[in-house]
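> Here is my input; please provide its structure:
(one chain, ligands or ions: 2)
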Amino acid sequence: MGGEGWFRRWSLDGEWEALPPTVRAYGNRDLLFIDFMASSTADATNDKLANVQINELSISASPNLQKNLSIFSPDQAELAKMLLVRGQSHLFEDWPDAGVDDDEKKALLDQVALLNSSYPGGLASYIKTARELLADSKAGKNPFDGFIPSVPSGEVLTFGDDNFIKYEEAGVRQVQNAAFVLVAGGLGERLGYNGIKVALPMETTTGTCFLQHYIESILCLSEASCRQAQGQCQRDVPFVIMTSDDTHARTLQLLESNAYFGMKSTQVKLLKQEKVACLADNDARLAIDPKNKYRIQTKPHGHGDVHSLLYSSGLLREWKDAGLRWVVFFQDTNGLLFKAIPAALGVSATKEYHVNSLSVPRKAKEAIGGITRLTHADGREMVINVEYNQLDPLLRATGHPDGDANCETGYSPYPGNINQLILEVGPYIDELSKTGGAIKEFVNPKYKDSTKTAFKSSTRLECMMQDYPKTLPPSARVGFTVTDPWLAYAPVKNNPDDASKVPKGNPYHSATSGETSIYRSNSMILRKAGVKVDDPVSQVFNGQEVEVWSRVVWKPKWAVTFADVKRKVSGSSSISQKSTLVVKGRNILIEDLSLDGTLVIDSVDDAEVKVGGSVQNNGWKIESVDKDDTALPEEVRIRGFKINKVEQLEKSYNEPGKHSLKP
Ligand SMILES: O=c1ccn([C@@H]2O[C@H](COP(=O)(O)OP(=O)(O)O[C@H]3OC[C@@H](O)[C@H](O)[C@H]3O)[C@@H](O)[C@H]2O)c(=O)[nH]1
Ligand SMILES: [Mg+2]
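Residues are numbered from 1 along each chain as shown. Ligands and ions are numbered 1, 2, ... in the order given. Down below sits the predicted model:
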């Protein structure tokens, strides 16, 4: 920095930074900041300025804070000074004298203490990074500047072939060495549902919620893993849920009121992420809460927080010491994810991937990130997720005039990131020991106008869990695994109005598609196992045209891998399109069954039930509902249909031993 003008920031270590114009001089024992006119950098570093009584200065920059210092503990006073040094004097600007609102003033400092301790490097580091990122954003700097995108190659799986089965088996073996981590701190504003997303029914045939399905899948996979190891298992597979203030209490309540869905309560750990401070302007002045002038406004920091939480909680270290090898991350509403987890774990183990991200073929413009190889002129190279809002501009800027477009396969050439990551514990902990779990952040301010000087509303720094590989050395083994489009991804993110506007042929990512995709996937899997399942019919719910397949649902207890399904299905069976099949018990063997209607079958674990013959009844019907009918519960309205349970054959076998159902 040089030339004539106002120089606003100087620290004793000689670093230049931009600061707000209101403050004349402030500092502490380590840092001195001065506002002064100078004609060159040399003048600016004039020694005589160093003689200033630094401590006095910092406080005198804010007379209102000075008048209130006596109400604070020494720690609080230090934090307040730190804020002044970091250009945050506006926080104290309107303060009345001591004696008025003292509790509120202390509460602000308590909040500052929390914001400070929950961010790697503290608030000072947050403000510093924010200034840098805001300056880059204002200058229109492209985060991928100098990088050329190309299509990376990964392990492509085809459901049900020998390779898939081999990976599944290898993956199941690894489950006893894995920990599972669900990021569920997001409220899902886009969905327009008021509850927590993990409590939503994954499908309404049985009404099982996402969290129950996840927990049962983990338990069953870990049992299968133990069986493979001939019972040589000492531990319960750990399950961590990252929550936030928006979801924590309700997640805990859901677990407690359902006896943790069969898990030991000690096996489940909730880690709550804190929000981060909002930023009011390009100088990274912290935004005051519009509802309370003694609070800083906060917003979520993104799912990337999961890394620093796993690190700072000590869990990672504990897992490493216990000999665990893998951490499997997943998101809140994907009813299909466990169909691909065993095979993906198998890929991780076989290929010795430090990072393995699971992906599906991606339609251009689909709101999922694209896995991309980025190559820099200086030799740097990485395979990384490019988030969906960045892929199109990046492609256009690097010689692809059509931007984010489908290729001859009908899909984007860039595989779609589904944010299901498998990290190897050893390299993961090594990396986090260096970074403290801090993930590369970004800022996305909405500017008032093209001068980019003011924001429409406050912004904040954000980070994404899939950006973890960005700091890894080139030696890191980063790979990805692609599965069939119908197998592994059916998130519930979009409300009916937004979903109905999704380009034709692209997945809706709605409650409607989330549920119908589960029936499709289960039907396709039964087909691969030799069952004759009728073709689907096309129907429109909430303005979305979807394929309606037979409603086939099974509990993880019945099958967690394709090998399980194949073992339990034999002979020649058929299921008509209008049918519903619900399989709940462990040893239910489907043999020469002809189903045209609804069959619900359950059994105790040590019973074996052969199910065959012909089942015919009026069954359960999918019926449209009006999404605006407020008499219906929200979780029904967001799907646009309900299940009318007209008639069924329901059988439960509660005695051990062999049974058979042959109507
Ligand atoms: O602060 C947060 C934000 C989000 N989350 C959780 O992170 C998960 C993903 O959040 P969102 O659904 O908002 O994610 P997005 O749809 O924006 O994109 C994400 O999923 C699709 C992928 O292809 C994208 O690359 C990924 O970023 C959810 O489980 C959510 O609960 C947090 O735990 N904390
Ligand atoms: Mg999001």
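
> Going by C-alpha atoms from here, please, whenever you check contacts or count neighbours.
Noted.

> Which secondary structure state does Gln253 sit in?
Of the three states, Gln253 takes helix under DSSP: H, G, I helix; E, B strand; the rest coil.

> Give me the number of neighbouring residues for it.
A count of nearby residues for Gln253, using other Cα atoms under 10 Å, gives 12.

> mind listing what it touches?
Contacts of Gln253 were listed using Cα atoms under 8 Å, 6 or more residues apart in numbering, and none were found.

> gap between it and Asp246?
Going from Gln253 to Asp246 by Cα to Cα, to the nearest Å gives 13 Å.

> From Ala499, how far out is the residue lying closest to Arg250 once chain neighbours are set aside?
Counting by Cα to Cα, 6 or more residues apart in numbering, Arg250 lies nearest to Ile196, which is 7.0 Å off, once chain neighbours are set aside. Distance of Ile196 to Ala499, given as Cα to Cα: 20 Å.

> contacting residues around whatever residue of the stretch 501-650 of the chain ends up closest to ligand 1?
When scored by Cα to the nearest ligand atom, the stretch 501-650 of the chain has His509 as its residue closest to ligand 1, at 9.1 Å. For His509, the contacting residues are Ala490, Pro491, Val492, Lys493, Asn494, Ala499, by Cα under 8 Å, 6+ apart.

> Beta-bridge partners for the second one, please?
On DSSP bridges, the residues paired with Pro491 through beta bridges are Asn334.

> ok, how many other residues are close to it?
A total of 24 residues lie near Pro491 under the criterion other Cα under 10 Å.

> ok, now which ones touch the residue nearest to Val268 when sequence neighbours are not counted?
Excluding the flanking residues, the one nearest Val268 by Cα to Cα, 6+ apart is Phe239, at 4.9 Å. Counting by Cα under 8 Å, 6+ apart, Phe239 makes contact with Ala179, Phe180, Val181, Leu182, Gln267, Val268, Lys269.

> ok, which stretches of the stretch 51-200 of the chain are strands?
For the stretch 51-200 of the chain, the strands defined by DSSP state E, counting those that start in this stretch occupy 147-150, 155-156, 178-183.

> Given the second one, what are its sheet partners and their directions?
Partners of strand 155-156 in the sheet, by DSSP bridges, are strand 478-482 (parallel).

> residues contacting the residue nearest to Arg250?
The neighbours of Ile196, taking Cα under 8 Å, 6+ apart as the test, are Leu187, Thr247, Arg250, Thr251.

> Ok, Ser137 next?
Counting by Cα under 8 Å, 6+ apart, Ser137 touches Val443, Asn444.

> how many other residues sit next to the spatially closest residue to Asn406 that is not a sequence neighbour?
Leaving aside its sequence neighbours, Asn406 sits nearest to Ser412 (Cα to Cα, 6+ apart; 4.2 Å). Number of residues near Ser412 (other Cα under 10 Å) recorded here: 20.

> Show me what the residue nearest to Val268 is bridged to.
Beta bridges link Phe239 to Phe180, Val268, judged by DSSP bridges.

> for stretch 235-242, how far is the first residue from the last?
This stretch, stretch 235-242, spans 22 Å end to end (Cα to Cα).

> what about the longest strand along the chain, distance to the chain center?
Longest strand in the chain by number of residues, with DSSP state E as the criterion: strand 412-424. Centroid separation for strand 412-424 versus its chain: 12 Å, with Cα atoms, centre = their mean, to the nearest Å.

> Which secondary structure elements does it sit against?
The helices and strands touching strand 412-424, judged by 3 or more Cα pairs under 8 Å, 6 or more residues apart in numbering; DSSP states H and E, are strand 326-330, strand 355-362, strand 370-376.

> Asp498: neighbour count?
Neighbours of Asp498 (other Cα under 10 Å): 15.

> what are the C-alpha coordinates of the host helix or strand of it, in CSV please?
Asp498 belongs to helix 496-500 when assigned by DSSP states H and E. Presented in CSV, the C-alpha positions along helix 496-500 are these (Å, rounded to 0.1, in the frame of the first residue of the first chain):
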residue,chain,number,x,y,z
PRO,A,496,-44.1,-27.9,-4.2
ASP,A,497,-44.0,-24.5,-6.0
ASP,A,498,-40.3,-24.5,-6.6
ALA,A,499,-40.3,-28.2,-7.5
SER,A,500,-43.0,-27.8,-10.1
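
> on that earlier part again, kindly indicate the member of the contacts of Ile196 with the most neighbours.
Thr251 (23 neighbours).

> tell me which of the contacts of His509 is nearest to ligand 1?
Using Cα to the nearest ligand atom, those come closest to ligand 1 at Lys493, 6.1 Å.

> Find me the pLDDT at the residue nearest to that closest one when sequence neighbours are not counted, would you?
The shortest distance from Lys493 to any non-neighbouring residue, by Cα to Cα, 6+ apart, is to Leu191 (5.1 Å). You'll see Leu191 listed with a pLDDT of 93.

> ditto for the one 5 residues further on
At Ile196, the pLDDT value in this model is 97.

> Roughly how far does it sit from Thr251?
7 Å.

> Please apply the same query to Lys128.
From Lys128 across to Thr251, the span is 34 Å (Cα to Cα).

> which residues sit against stretch 142-150?
Identification of contacts with stretch 142-150 by Cα under 8 Å, 6+ apart yields Thr372, Arg373, Leu374, Thr375, His376, Ala377, Leu394, Leu395, Thr398.

> tally of neighbours for the closest residue to the fifth one other than its chain neighbours?
Meaning His376. Residue nearest to His376 in three dimensions, not counting chain neighbours: Phe147, with 4.3 Å by Cα to Cα, 6+ apart. As a burial measure, Phe147 scores 20 neighbours (other Cα under 10 Å).

> go on, Asp94?
Burial of Asp94 is recorded as 11 neighbouring residues (other Cα under 10 Å).

> got the contact list for the residue lying closest to it once chain neighbours are set aside?
Excluding the flanking residues, the one nearest Asp94 by Cα to Cα, 6+ apart is Asn64, at 7.5 Å. Residues counted as contacts of Asn64 (Cα under 8 Å, 6+ apart) are Phe92, Glu93, Asp94, Trp95, Pro96, Asp97.

> The fourth one: what's its closest spatial neighbour, skipping adjacent residues?
This points to Trp95. Spatially, and ignoring its direct neighbours in sequence, Trp95 is nearest to Asn64 (5.8 Å; Cα to Cα, 6+ apart).

> Looking at the contacts of His509, which two lie furthest apart in space?
By the measure Cα to Cα, Ala490 and Ala499 form the most distant pair in the contacts of His509, at 13.1 Å.

> higher neighbour count, these two?
Between Ala490 and Ala499, counting by other Cα under 10 Å, Ala490 is the more crowded of the two (27 against 22).

> Gly585 belongs to a helix?
No. Assigned with three-state DSSP, Gly585 falls outside any helix and is coil.
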